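1. got a sequence here, can you model it:
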Amino acid sequence: MAHPSYEDRKQVAAANRAFYRAFETFDVGAMAAVWLDDPTVRCVHPGGELLVGHSLVLASWRSIFESTTAIRFELADLAVDVQGDMAWATCVERMGDPGDPEDISEAAATNAFLRDDDGGWRLVLHHASPITRRFTRRS
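-> A predicted model of the protein is given here:
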């Protein structure tokens, strides 16, 4: 199997950044542009149920955007993998209100992309699962 090109990884990383930028700016049009317009796309928000289909997925983003005042993401442990016309980015999302540094939560996320007919990368799956960290005190 051929190794993915640097250019492919770079393009997938850019598509992944576009997804988080659309999220941070609450831009429904930009969010729609990131996703493949297809009835098979899937999304699982942290603690949420499986959403299937472009219209249902976009409706969920509209709802989040309408009920959120501000959010910023810091991505940790980002890895991008490409296999042919399929790619995925995994990371830890550290998200919170930029006005409240104490309000930070984390989710393990997988974003799967498919190369479209124009050679661009479109999101087909976003799955984020909350992370609960256990801290132990040492005396």
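2. tell me which helix or strand G119 sits in.
-> Using DSSP states H and E, G119 maps to neither a helix nor a strand.
3. ok, R17 next?
-> Per DSSP H and E, R17 falls inside helix 6-25.
4. in that helix, what's buried?
-> Neighbour-count burial for helix 6-25 flags D8, R9, Q11, V12, A15, N16, A18, F19, Y20, A22, F23 (criterion: 16 or more other C-beta atoms under 10 Å). C-beta coordinates here come from the backbone N, C-alpha and C atoms, glycine included.
5. same check, this time on stretch 80-100
-> Applying 16+ other C-beta under 10 Å to stretch 80-100 flags V80, V82, A87, W88, A89, T90, C91, E93, M95, G96 as buried.
6. how about these, which pair is most distant?
-> The span of the buried residues of stretch 80-100, defined through C-beta to C-beta, is set by V82 and G96 at 30.3 Å.
7. low-confidence ranges in this protein?
-> Within the chain, the segments meeting pLDDT under 70 span 1-4, 133-139.
8. quick one: which of the buried residues of stretch 80-100 is nearest to A128?
-> E93 (6.3 Å).
9. contact partners for that closest one?
-> Going by C-beta atoms under 8 Å, 6 or more residues apart in numbering, E93 touches F73, E74, L75, E106, A107, A108, A109, A128.
10. burial count for the fourth one?
-> Number of residues near E106 (other C-beta atoms under 10 Å) recorded here: 19.
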